[in-house]
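A.B. asks: give me the fold of what follows.
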Amino acid sequence: MSLYDLKGKDLITTCDWTDEEIEYIFKLAEQIKEKHYSGESFKPLLDKSYAMMFFNNSTRTRHSFETGVTQLGGHAQFVRPDTMRLSIDPVPTGKGESIKDTANVLSRFVDGLGIRLIAESVSEFGMANKIIKEFAEHADIPVINMMSELWHPCQALTDIFTLREKEANESLKKKKMVIHWAYSPHARDWASVQETAALGARNGMDVVVAQPDIYDLVPEAVEAGKKYAEMSGGSYEVTNDLDGALEGADYVYPRNWITLDYFEHGKEKEKEIAKDYKDWRFTKERWEKNTGGKAKLMHCMPIDPNNEADVELIDDPEISILYDEAENRLHVQKAILTALMAGKF
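C.D. replies: Residues are numbered from 1 along each chain as shown. Model prediction:
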């Protein structure tokens, strides 16, 4: 099997990758999933190690990566930064080892490094993404963003891979995906919705981001979505009209996210602000009335039942594709790990 030469490349956001590189991952994921279900052995990471640095808790990301590396013949190391001699303080204090030294040392031990660092663990806007990029700058091994506050490339690649499966691998062009802010008492990062919106537009979809005025996404991400839509023939629209946005939707992604003022006023204030928008929910009534009862429910999970979406929709296998997305994290990430850590063989 001949692989596109992505060995050693970092994955911080899909915005850094070419269309050809992204397409290659989709094709490889499809082949790897086929091997998985046929029982065919596929061990391109034999004797290789992948360090998974989790600053924050995780269900899907940790278990899909750990299982994926094992199935590929390698070893996944679960790393809690608070057990290391590591400091992410931008000002040296003498109390911890620098990112530069940590990245260089890990490069001598392992063959790939994944990092999950989100808003609740940093003090400034963009700081989490910046730290992951700093690791990538100093490491001599591929660094994978397993979620920052800004971007979640593994989730977005999985989302679009899953939608392609649902469309029987036909083009996603002009399929309508509505990503809308949804009420939840959990203040979540922008990462998943921003990257999926941008990658959907890049695949020619008609992407609509519906949100209350106060819940703007990060301008950089919106600009990327609009640029990709123009290039692909899709569209990228931002609206404050939820019901109007849902008209004719093929896929609906109801997800809570924080305001751009999060780092000024903190998480508890975010929860108070959200209470003013409890009607922003994907309900069974909206599914029937606005989408004509045809839209599929998608979500990165964990989903907040009866807040972000009605449990009737979540639990209906004819409507919800949540578990398919969750499973596909395994197959897509196995493709990413194979391409970045194994290269041609």
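A.B. asks: what's the closest non-adjacent residue to Lys271?
C.D. replies: Spatial nearest neighbour of Lys271, chain neighbours left out: Pro185 (5.5 Å); criterion: CB to CB, 6 or more residues apart in numbering. (C-beta placed from N, C-alpha, C; glycine too.)
A.B. asks: tell me where the stretch 51-200 of the chain has strands.
C.D. replies: With DSSP state E, counting those that start in this stretch as the criterion, the stretch 51-200 of the chain has strands at 75-79, 112-116, 143-145, 176-181.
A.B. asks: quick one on the thing from earlier: and the residue nearest to Lys271, how far from Asp304?
C.D. replies: Distance of Pro185 to Asp304, computed by CB to CB, to the nearest Å: 8 Å.
A.B. asks: look at the two and report which has more neighbours.
C.D. replies: Shown here are Pro185 and Asp304; by other CB atoms under 10 Å, Asp304 has more neighbours (19 against 13).
A.B. asks: what about the closest residue in space to the more buried one that isn't next to it in sequence, how many residues close to it?
C.D. replies: Distances taken as CB to CB, 6+ apart put Ser184 closest to Asp304, at 4.1 Å, once the chain neighbours are dropped. Ser184 has 22 neighbouring residues, counting by other CB under 10 Å.
A.B. asks: now do the contacts for the spatially closest residue to Glu134 that is not a sequence neighbour.
C.D. replies: Spatial nearest neighbour of Glu134, excluding adjacent residues (CB to CB, 6+ apart): Ile99 at 5.0 Å. Applying CB atoms under 8 Å, 6 or more residues apart in numbering to Ile99 gives the contacts 86, 88, 131, 134-135, 138.
A.B. asks: now these in JSON lines, with distance to Glu21?
C.D. replies: Shown next, in JSON lines, are these (distance: CB to CB, whole Å):
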{"residue": "Leu86", "distance to Glu21": "30"}
{"residue": "Ile88", "distance to Glu21": "29"}
{"residue": "Ile131", "distance to Glu21": "24"}
{"residue": "Glu134", "distance to Glu21": "23"}
{"residue": "Phe135", "distance to Glu21": "21"}
{"residue": "His138", "distance to Glu21": "23"}
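A.B. asks: show me these that map onto helices.
C.D. replies: Counting by DSSP state H, the contacts of Ile99 place 131, 134-135, 138 in helices.
A.B. asks: His75: which of the residues you listed is nearest?
C.D. replies: Using CB to CB, Phe135 is the member of the ones in helices among the contacts of Ile99 that sits closest to His75, with 19.9 Å.
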